[in-house]
Structure formats: structure tokens, C-alpha cells
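Novice: Here is the input, now give the coordinates:
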Amino acid sequence: MTRDDTLAGVQSRTIETDRLETHVLESGGASADGDGNGSEPRDAGDEPVVFLHGNVSSSRFFEDVLADLPNRYYAVAPDLRGYGDTETKPVDATNGLGDFEADLRALLPELDLEPPVTLVGWSNGGGVAMRYAIDNPEAVRRLVLVNPLSPYGFGGTKDLEGTPCFDDYAGSGGGIGNDEFVAGLADRDRGEEGEASPRKILRTYYVDPTHEFDEEREESYLTGMLDTATGEANYPGSAVQSDNWPGVAPGETGVNNAISPKYCDLSTITEIDPEEKPPVLWIRGDSDQIVSNESLFDLGTLGRMGQIPDWPGEDVFPPQPMVDQTRAVLEEYADAGGEFEEVVFDNTGHAPHVEVPTEFMSELEGKLE
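Specialist: Model prediction:
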């Protein structure tokens with residue numbers, strides 16, 4: 001499948017690998033020349049930059065970046081499995097983000113990419129980028145993490161070391177998804193009604209609530225959200241009953257289980273050999289409500305606010321300190337021979353590349369030079 005509505009300078013195509021059919025957006029290099037369909041051989045000197053989107057999104061969220069990136073870079077943004085126009089296949093959560101990492105590893109040779117590459121990972125895509133670097137450090141030139149998933153996954157941990165609140169990781173995984181939001185995705189609801197409608201979530205949480213979208217781009221981003229495969233095998237995933245608060249623990253399939261701390265531990269990035277540690281640029285918005293120390297998608301925060309009954313309290317299930325966990329791991333990464341830089345944009349939410357594209361591009365190009 002290809003798209004015929006891409007921005008100028010951006011091409012769309014589907015590539016078959018030995019794992020699945022993957023849809024990608026591309027720009028730059030030889031793909032910007034000739035007939036513009038990306039069919040001509042690329043110059044081996046084109047620096048490859050791979051953009052990995054987050055949960056309930058697609059390559060559409062990076063399309064503006066691909067359109068603006070100078071042609072001397074070959075940029076590619078795949079739709080991960082179960083998202084966008086890529087083939088839908090189940091996610092085995094027991095291997096954490098391993099399915100997504102393996103899909104990427106199968107894709108890059110089909111694009112004739114010579115490692116190492118720069119990986120730009122947003123939100124869950126940041127987790128995929130970290131997992132790829134852990135498994136293939138020699139293939140990564142640098143990591144750019146944009147409001148990334150905590151190295152200890154999402155939900156159910158309570159300190160800088162990622163200590164689980166409960167032994168069965170209750171309070172994380174597929175059972176903590178919002179049913180109204182999931183139904184809206186499944187129904188491809190483009191309306192404006194409801195506090196958990198996809199459009200409302202896009203406007204309120206994906207960006208700082210004061211951000212104003214261009215109407216056409218908002219519709220494209222919304223499509224990127226609605227092109228999410230829902231159910232136990234994909235988003236949000238399966239769940240099992242638990243005797244611990246709030247009564248559900250992670251199942252073994254689906255995206256939200258793949259990022260549960262039961263299966264997702266990316267803190268081993270610190271163990272990459274010092275000679276192979278890629279430099280890390282960590283970009284985030286200061287008003288992110290999704291990945292933060294008091295995420296409004298984290299049950300610890302919602303329990304403290306009284307939104308979920310019978311919260312066991314701060315000692316048992318506090319809000320997950322997601323940003324502080326990331327900083328602690330990256331500091332350890334630096335102490336173990338790596339390097340990282342943290343860049344924070346003011347009045348910016350979960351998607352700096354969408355909200356402050358000029359500033360984002362300046363930071364990105366500064367590292368690619």
C-alpha cells in the first residue's frame with residue numbers, strides 16, 4: 001500500500017521483509033531527485049536517519065520533519081507493526097519490544113542502508129530505539145530520544161531503580177487502557193465529543209493543550225492515530241486478574257504489555273561496551289502529560305487524584321518517576337563511558353517535533369552535522 005497524499009518531497013511505499021509488509025515514508029538522498037518515487041539508487045554518502053513513532057500513532061507524525069530535513073540526509077519513517085499502513089501482526093509482549101526491534105532489523109537491509117544509522121525514537125519509538133541499540137550497538141551512529149518511554153517501561157514502578165510496586169506488576173499493561181478511547185479507535189471516530197475521543201486525546205495530551213493545529217495536519221495526525229490495530233494482540237493488549245490494586249496485571253500479548261516493566265527493561269543500555277555506546281540526545285517537552293513524573297496516564301497519578309478508587313497510597317503505588325528514571329539511567333550510561341545531552345523545550349508537551357518544529361529541527365541537525 002502507498003499513500004497519494006504525502007507532503008511535497010516525501011514518498012510512500014510498502015516493503016516486504018521476511019517478517020511483515022512494512023509501509024515507510026522516505027525523503028532526501030536520491031529519493032528527492034528524478035521522478036521522486038525513490039526508485040533510483042541512493043548515493044552511498046547519504047546519511048541515513050530512521051524515525052520511529054510512538055504508541056497509537058504512525059509515520060504521519062514525522063512527515064513534516066521528513067519534508068523539512070535537507071536532502072543530504074536519507075530519512076525514513078516506518079509504520080511499526082499494527083500501526084499506520086503496515087501489516088498487522090500480533091505483538092508478543094513476553095519479549096518486551098523485541099518484535100518491533102526485530103521488524104526494524106529486517107527492514108533496514110531492504111532499504112539498502114549501510115550501518116551505522118541515526119535512530120530518532122519518539123515515546124514508545126524511543127523504547128524501540130533503545131532496544132535496537134542494546135541488541136545492535138555497532139549499527140547505531142547516534143540515538144535521539146524524543147519524550148521517550150522510561151527505560152523501566154510504563155506504569156507499576158516506584159523509584160529510580162524501577163522497583164515494581166507489586167511482584168505481578170499489577171497496574172501496568174493491557175488492562176489499564178481507557179475503554180472509551182480504545183472504542184473510539186476501533187470505530188475510527190473523528191468526532192470532537194467525549195473526554196476520551198481520539199481527537200480530544202490528540203489535542204489535550206499529545207501536545208501542550210495550548211497548541212493550535214493546522215487543520216489539515218490535525219486530520220493527518222488523527223488518521224495516524226485511528227490507523228491503530230486494536231484488541232488483545234495489539235493495542236492495548238491482554239490482561240489477567242490480580243489480587244493487587246487495581247485488580248489487573250499484564251497479559252502476554254499486545255503493545256501495552258510489551259512496555260510493561262514485567263517484560264520491558266531497557267536499563268541494560270548502560271551495559272553496552274564503551275567503545276560502541278552511541279551518543280544520546282534526549283529531547284523532551286516540559287509540559288508532557290503522558291511521559292512525566294506525574295503522568296496522567298499512570299494509575300499512580302490517577303489514584304492519588306482520586307480518579308481510581310482504593311488507591312493503596314504513596315508508599316505502595318506512587319506515580320512512576322518516568323523522567324527521573326530516564327535521567328538516572330542516562331547518567332549511569334555516561335558514567336560507563338557514553339555521553340548524553342538533555343534538551344528541554346518550554347511550554348511543549350509530548351510531541352516537540354510537531355509543536356516546535358523549528359527548534360526541534362535545529363537540535364536534530366546540530367547533532368547530524
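Novice: Break down the chain into its helices, ranges please.
Specialist: Remark: helices assigned in the chain by DSSP state H are 63-68, 98-110, 124-135, 179-186, 198-201, 215-226, 255-258, 299-304, 322-335, 352-355, 357-368.
Novice: Columns distance to D159, mean pLDDT and mean neighbour count on top of these, output as JSON lines?
Specialist: To be clear about C-beta, it is placed using only N, CA and C from the backbone, and glycine gets the same treatment. Formatted as JSON lines, the helices of the chain follow (distance: least, Cβ to Cβ, whole Å; pLDDT from 0 to 100; neighbours: other Cβ atoms under 10 Å):
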{"stretch": "helix 63-68", "distance to D159": "35", "mean pLDDT": "98", "mean neighbour count": "21"}
{"stretch": "helix 98-110", "distance to D159": "26", "mean pLDDT": "97", "mean neighbour count": "19"}
{"stretch": "helix 124-135", "distance to D159": "19", "mean pLDDT": "98", "mean neighbour count": "26"}
{"stretch": "helix 179-186", "distance to D159": "29", "mean pLDDT": "98", "mean neighbour count": "17"}
{"stretch": "helix 198-201", "distance to D159": "29", "mean pLDDT": "98", "mean neighbour count": "22"}
{"stretch": "helix 215-226", "distance to D159": "32", "mean pLDDT": "98", "mean neighbour count": "17"}
{"stretch": "helix 255-258", "distance to D159": "22", "mean pLDDT": "98", "mean neighbour count": "30"}
{"stretch": "helix 299-304", "distance to D159": "12", "mean pLDDT": "98", "mean neighbour count": "21"}
{"stretch": "helix 322-335", "distance to D159": "8", "mean pLDDT": "98", "mean neighbour count": "19"}
{"stretch": "helix 352-355", "distance to D159": "27", "mean pLDDT": "98", "mean neighbour count": "23"}
{"stretch": "helix 357-368", "distance to D159": "30", "mean pLDDT": "96", "mean neighbour count": "16"}
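Novice: Model confidence for V146, exactly?
Specialist: Looking at V146, its pLDDT stands at 98.
Novice: Count the residues that sit near the closest residue to it other than its chain neighbours.
Specialist: Leaving aside its chain neighbours, V146 sits nearest to W122 (4.2 Å; criterion: Cβ to Cβ, 6 or more residues apart in numbering). W122 has 30 neighbouring residues, counting by other Cβ atoms under 10 Å.
Novice: do you know how far W122 is from N55?
Specialist: Using Cβ to Cβ, to the nearest Å, W122 is found at 10 Å from N55.
Novice: tell me the pLDDT at the residue nearest to V146?
Specialist: W122 is given a pLDDT of 98.
Novice: So which of the helices of the chain is nearest S238?
Specialist: The closest of those to S238 is helix 255-258. By Cβ to Cβ, the value is 6.7 Å.
Novice: tell me the contacts of the closest residue to N95 other than its chain neighbours?
Specialist: Leaving aside its sequence neighbours, N95 sits nearest to Y263 (Cβ to Cβ, 6+ apart; 7.0 Å). Contact partners of Y263, counting by Cβ atoms under 8 Å, 6 or more residues apart in numbering, are A93, T94, N95, G96, G153, P250, N257.
Novice: Any chance of the backbone angles for Y263?
Specialist: When read as degrees, to the nearest 10, the backbone of Y263 gives phi -120, psi -20.
Novice: gap between it and P90?
Specialist: Using Cβ to Cβ, Y263 is found at 14 Å from P90.
Novice: got it, and T348?
Specialist: With Cβ to Cβ as the criterion, T348 and P90 are 35 Å apart.
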